[in-house]
Each structure stands twice: as structure tokens, then as C-alpha cells.
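Visitor: here's a sequence, model it:
(2 chains)
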Amino acid sequence: MEELIIKSSDIKTWLDQIIEHTPRVIAPVKQGEKVEFKSIKQSDDVDYESQTTVSSVKAAAFPRTETLFAYEKEGLNTKLYDVAKDNFVETVIWRARPCDVIGFKPLTSIFNWDYKDELYNRRFEKIAIVTFACNTADKCCFCTSVGGGPGNTEGSDVMLTVLDKENVLVEVLTEKGQKLVDLAKDLFEKAEQSIDKEAVLAKIPAKFTKEQIYKNLAKVFDNPVWKAQSERCLGCGACAFVCPTCACFDIQEDAHGNHGRRVRCWDSCGFSLFTQHTSGHNPRPTQATRWRQRIMHKFSYMPDRLNIYGCTGCGRCSRACPVDMNIAEHLTSIAESSHE
Amino acid sequence: MTKITEKATSLLSEGTVKMIIGYEMGTERPRPLFCHTAEECEKLIMNAECKNNLAVYLTKKEIIGEEKIAVIGNYYVVKTVIQLQRENQINLDNLMVMTADENGEVITFTTIDEMKEYTDTHEPAPDPKMVAALEKIDKMSREERWEYWKSELSKCIRCYACRAACPLCYCNRCVTEVNCPQWIEPWAAPLSNMEWQINRVMHMSGRCVGCGECAAACPLDLPIGLLCKKMGMDIKSTFGEWKDGNVLSTYNIGDKENFIK
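Guide: This next block holds a predicted model:
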């Protein structure tokens, strides 16, 4: 893995080259008070002040709304139309955070578990990610409690760490990353000696470990802790929608008489209708059962079935929640409990 | 011990109520608190930052249970209780409604009339930022307004936090969750998002208490509170003061129809 240095003042020039050579570049852009990932055409549009964005960047591979196929009926015949190829373009995600990037790992597992989701895979294979390590963290961050960290390079193609006002460490991690660096070779110098980036990274003490959670979850399925923790939950979908690893979706029909399209859109297990059967029975009839599902899915069922945890510790769910369901707080309580 | 904690603790220990819904301090700002024990009452607070509309829990049977409970809420919680009562959604025999003034003195309401008297005389001053935003939009041409809302609402992800935070959105099955027939497209897209917001606000007409929690709940800070506020102003100027709720489900022969052009 190559360690290079780029001057802060040259970053814009490099990004200009990336934008020129890449059909789609997604980066954090200021929208009023909030910052969100958006397609950019100008390097000046990027926001470098924010800690993180409201939503994750999973929409680059798993859009909020996508067409699965279109159809047209003529008499007894039905014509099917596949998704146009221009839906799958080379993409660079610029200024992702380590917790964004690592979210693609469980997503990819889910979309390749018992069925290979071609649409997701075709989008994901065309993505290259330039991650900026975190020099600061806020009260909702807890990546270190789930095996991540502010400088974690897993899943990134290039990682940038701001060392000081002038110098930025560039770790080239993959071939895709190398191709991006090659677009502006002259801007990079080999690092003179091995650099300790830990010194500039945010300090985030771990509150618990995933193993603690996994172990304790095995004992608390019928415990009243779920009701207590979920009482103020409103059952909206904000947490699931901003989460980098939540993959639940709904399939709907955009029908117009004899033609239409089948649409996939995001869904949330927090919605009361999520598991409603047509008989009227709902196996998760209360917010407590739905909150339990959210935690168990991420920290118990996913490790069991896919050997991977469904949480990156980004804290987006907690920031987006209208009633401050601080997931780190809830998880710490579960980790510290000795429920039987 | 604060007066709120004192009152809440005595209500619980005397067995007058089974549970008290109030506010506690959260990670960065206050959040709802459900007190089942005297110990939990120690966390109760009430200040200008307590914004969540606690009345949203009053229509959730699994939360309020069958026995008497109390709610210590802000101005808008009290106003919402009045509207929920008009719509037959709560049982006041099982609900004790309280608020607190700037000095932390607990005010207990024993009748709906007392609540009405309080809300008529204690309306909070309008948020200057909101007033300025409304004026800005009012000055726009029809085309500019359309572009503005299309641009804002294209960001909506249809998480329905606005719906979940609103205490008057209590339908078991929302209009957007019906697909036979498909009234509103449920997927996120600029026009379907507009359909959703328009529908939401139309269903609020004459009922909305103006708490602004829809906008506060939106994770993307979309200016949807402006829609409800403007609707409220239009209703007031067209149909008169918000006195008996249900302004769009009661017919008055004197109603003008000059909005039909």
C-alpha cells in the first residue's frame, strides 16, 4: 500500500481531473443547514466543513427509487424492457467517511446472500471511493465500538488524512485508487517516512464491543427492555433511510393502463405496516417488537447468517431521529446489562 | 426537587395515575420521557427547548394503556389535546393534562374549557425566521413558487418522520399506504413527493395546531412547516377563527367559495 502526500491546495486540482474523467462524482454538498451527498460538476461545490452528511451514500449503489423493469402489454403479449445501461456509470464517491464506506460491506452481503442482485452489483462494481479520515467526531459517533475507526481503510480505494494545514496523507489502497491518483500524478509525492496518522485522528473511546452486544442479545428476546427503550419511538423511517447498511425495500407498481414499470423503493422495519399480513395479522404488532427487530437484525441475526454486523457506528440514525433514540445509548445499556 | 418532579412523584405514588409523559434532557436537546416510577420523575424538565409534541403518544393504545395517565407538555400539547378531544380520539376521564409556566409552576387543567382559555391567552410569538420565509414565498410568482417547492421536495426521502411526529396523523392506514387504488405514489420522486406533502397538508386543514414538529422531525430540514403554517393562515382568513376545530367537515351556508376560480 502506497503512502503519498498531496498539498491541501492541490486537492481541488486533483478533484477537477476526477470530475473531468468520471461520468458521475458524488460528494457532500451544503443544502441549507444540512449537508448531503449530491452529484457534482464543480469541485467548488464540495463541503469540507461538515463532520458528516445526514444520509449515507448507499444511494449510489442502492437508490431510493429505481426501476426494476418496464412493460407494455399488446393484446395477450407482454413486452419487457430492461433497465437502460446508462443507469450504471463509473462513479467516484468523494469525501466519504470510513463509516460510510464500510457500510457497503453488509449491503453487498445482503444483496448477494440467497439471490445475486444484479442491479446493485452492476452499480457497486463501478464505484470508486475516496475517503477522508475523521479528525473530529461528535456525540453520536461510535465507530470504534463496532470494530471501525476514524482512520479505518477497509472498503476505500484511496484514503486521505489531513495531517496539518498544508499536508494531506494519501493512502492508495487498490488498483481503482491508483487509477484515480494517476489522473494527476504530478500532484503527489512519496511520503518521506512512515506517517503516524493516529496522532491526528479523532479520539473516540469505545463504549462497548459488538461481541458483548451479541452475547447479551441472546438472553433478552422477551425482556421488557425493548418496551422501555422504544416507548418514545414514533415509528418513522428516518433511521433506516439514513443508515448506510439498512437494505429493506418495497416493490411497487407504477401502472398506467397497459404499460408501466415495477419500482423498488426504500422501506423500513420501523413502519407499523412493514410485516402486516393480508390476513390482518402482524407478527410485530408493537413498536417494542419492531425496535427489538432493528437491534437484533443488526447485531444478532446478521452475524449469524452473514457473518457480518449491520452497524458502522456512524450515528446517523441518532442524529436524524426526531425523538433522540440514541442507538449508542441503547446499545451501551444492553452491553452493560446482566439480563437473564 | 423541582415543582414538576414533586407533582409527578406525588401523582404516581398516590396511584392517581399509572404513568406520566413529559420531557427529559437528551443527547443535544430535550426528548420525550415516560415515567413509570418516582425515580424516573426526577429527570422531568420543562423549558423553551422542549418542543416534541407529546400528544402524539395519546392515540397510541399500546403506550397509554387502559388506566389513567398524565401528560406534562408544552403549549402545543395542550392545544392538541383540545383538537384530539373534538375528534373523539382520547378519553379525558383517563388523562390528566398539565403544563408548566416559565417559573416551573405546574398548571393542571381539569376541563377542556380551562385548556381553551389557556391556549387562547398564551399563544407563543411567531418565529421570525418562519415569518420571513413565508413573506419571501408570498412574493414569488406562481412559476417561481412551483420551482421552489419542486426543488425542495425533490430532496424528500419519504421517511414519513413528518407524519409520525404529527399527533393528528393517527390513521392506522395512511392514504399513501393504500395501493388499491394508488392514490399517491409511495416512492420518492419529485412529483410524488409533492403529492404526498399536498395531501398531508390538506388533511391537516383546520386541524393543525401549528406546533411545527413536522418540520422539526424532517431529517433533511425541508421547509414543510411553512406549508402547514400557510394553510392555517388561509383557513383562518377564509373560514374564521379556529374555534370549533373540524372547519372542513362542518358546513356553513355563509361559507364563501371565492377560491374556486
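
Visitor: name the residue most distant from the centre of chain A?
Guide: A:Gly75 (44.0 Å; C-alpha atoms, centre = their mean).

Visitor: against which helices or strands is the strand or helix carrying B:Thr238 packed?
Guide: Using DSSP states H and E, B:Thr238 sits in helix B:224-239. Packing partners of helix B:224-239 (3 or more C-beta pairs under 8 Å, 6 or more residues apart in numbering or on different chains; DSSP states H and E): helix B:128-138, helix B:190-204, helix B:213-217. Backbone N, C-alpha and C define where each C-beta goes, glycine included.

Visitor: tell me the most buried of those helices?
Guide: helix B:213-217 (a mean of 24; mean count of other C-beta atoms under 10 Å in any protein chain shown).

Visitor: what parts of chain B come near chain A?
Guide: Residues of chain B found near chain A (C-beta under 8 Å from any C-beta of the partner chain) are B:26-29, B:31-34, B:52, B:56-57, B:60, B:62-63, B:155, B:157-161, B:163-165, B:172-173, B:177, B:179, B:182, B:185-189, B:213, B:216-217, B:219-221.

Visitor: among the residues you listed, which ones are in helices?
Guide: Among these, the ones falling in helices (DSSP state H) are B:62-63, B:161, B:163-165, B:213, B:216-217.

Visitor: which residue packs closest to the spatially most central residue of chain A, ignoring adjacent ones?
Guide: In chain A, the C-alpha closest to the average C-alpha coordinate belongs to A:Pro244, at a distance of 2.2 Å (C-alpha atoms, centre = their mean). Of all residues not flanking A:Pro244 in the chain, A:Gly103 sits nearest, at 2.6 Å (C-beta to C-beta, 6 or more residues apart in numbering or on different chains).

Visitor: for the stretch 51-200 of chain A, what lies in contact range of chain B?
Guide: So the stretch 51-200 of chain A meets chain B at A:54-55, A:64-65, A:139-140 (C-beta under 8 Å from any C-beta).

Visitor: can I get those in CSV with secondary structure and pLDDT?
Guide: Output for those, formatted as CSV (DSSP: H, G, I helix; E, B strand; the rest coil; pLDDT from 0 to 100):
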residue, secondary structure, pLDDT
A:Val54, coil, 95
A:Ser55, coil, 95
A:Arg64, coil, 94
A:Thr65, strand, 94
A:Lys139, coil, 91
A:Cys140, coil, 93
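
Visitor: just the buried ones from those?
Guide: Burial of these was assessed by neighbour count (16 or more other C-beta atoms under 10 Å in any protein chain shown); the buried members are A:54-55, A:64-65, A:140.

Visitor: coming back round to it: quickly check the ones in helices among the residues of chain B next to chain A for the two that are furthest apart.
Guide: With distances taken as C-beta to C-beta, the most widely separated pair in these is B:Glu62 and B:Ala216, at 24.0 Å.

Visitor: show me what contacts residue 26?
Guide: The chain I'm using is chain A. By C-beta atoms under 8 Å, 6 or more residues apart in numbering or on different chains, the contact set of A:Ile26 is A:37-40, A:57, A:60, A:91-94.

Visitor: switch to chain B, please.
Guide: A:324, A:326.

Visitor: how far away is it from A:Pro322?
Guide: The gap separating B:Gly26 from A:Pro322 is 11 Å, by C-beta to C-beta, to the nearest Å.

Visitor: over to A:Ser194?
Guide: For A:Ser194, the distance to A:Pro322 - C-beta to C-beta - is 46 Å.

Visitor: contacts for stretch A:179-199, please.
Guide: Stretch A:179-199 is contacted from outside by A:2-7, A:10, A:13-14, A:17-18, A:21, A:92, A:128, A:130, A:133, A:151, A:157-158, A:161, A:163, A:169-170, A:172, using C-beta under 8 Å, 6+ apart.

Visitor: pull out the buried residues from the contacts of A:Ile26.
Guide: A:37-38, A:40, A:57, A:60, A:91-94.

Visitor: and the helix or strand containing B:Ser151, which residues are buried?
Guide: B:Ser151 is located in helix B:142-153, with elements delineated by DSSP H and E. Buried positions in helix B:142-153, judged by neighbour count with 16+ other C-beta under 10 Å: B:149, B:152-153.

Visitor: among the contacts of stretch A:179-199, which ones are in strands?
Guide: Using DSSP state E, the subset of the contacts of stretch A:179-199 located in strands is A:2-7, A:92, A:128, A:130, A:158, A:161, A:169-170, A:172.

Visitor: want to throw these into CSV with distance to B:Glu14?
Guide: What follows is the ones in strands among the contacts of stretch A:179-199, written out as CSV (distance: C-beta to C-beta, whole Å):
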residue, distance to B:Glu14
A:Glu2, 72
A:Glu3, 69
A:Leu4, 71
A:Ile5, 70
A:Ile6, 69
A:Lys7, 70
A:Val92, 65
A:Ala128, 65
A:Val130, 62
A:Val158, 65
A:Thr161, 60
A:Leu169, 64
A:Val170, 67
A:Val172, 69
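
Visitor: can you tell me which of these are buried?
Guide: Buried members of the ones in strands among the contacts of stretch A:179-199, scored by 16+ other C-beta under 10 Å, are A:4-6, A:92, A:128, A:130, A:158, A:161, A:169-170, A:172.

Visitor: ok, so of those residues, who is nearest chain B?
Guide: Nearest to chain B among these, counting by C-beta to the nearest C-beta, is A:Val92 at 21.9 Å.

Visitor: where does chain A have low pLDDT?
Guide: The model of chain A has pLDDT under 70 over residues A:338-340.

Visitor: how about the helices of it, start to end?
Guide: All helices of chain A, identified by DSSP H, fall at A:11-21, A:98-101, A:104-110, A:118-124, A:175-182, A:210-217, A:225-230, A:238-242, A:287-296, A:302-306, A:316-320, A:327-336.

Visitor: looking at the ones you listed, spot the one closest to B:Glu14.
Guide: Per C-beta to C-beta, nearest to B:Glu14 of those: helix A:225-230, 23.2 Å.

Visitor: quick one: low-confidence parts of the stretch 1-150 of chain B?
Guide: Within the stretch 1-150 of chain B, no stretch has pLDDT under 70.

Visitor: swap in 90 and give it another go.
Guide: For the stretch 1-150 of chain B, the stretches flagged by pLDDT under 90 are B:1, B:102-104, B:126.

Visitor: check the burial of the closest residue to A:Gly260 other than its chain neighbours by counting its neighbours.
Guide: In space, and not counting its chain neighbours, A:Gly260 is closest to A:Asp254: 5.2 Å by C-beta to C-beta, 6+ apart. Neighbour count for A:Asp254, taken as other C-beta atoms under 10 Å in any protein chain shown: 17.

Visitor: so A:Asp254 is in contact with A:Arg264, correct?
Guide: No: if you go by C-beta atoms under 8 Å, A:Asp254 and A:Arg264 don't touch, sitting 11.0 Å apart.

Visitor: hang on, the earlier thing: of the residues of the stretch 51-200 of chain A next to chain B, which is the nearest to A:His259?
Guide: A:Thr65 (18.2 Å).

Visitor: what residues are up against that closest one?
Guide: Contacts of A:Thr65 by C-beta under 8 Å, 6+ apart are A:263-266, B:187-189.
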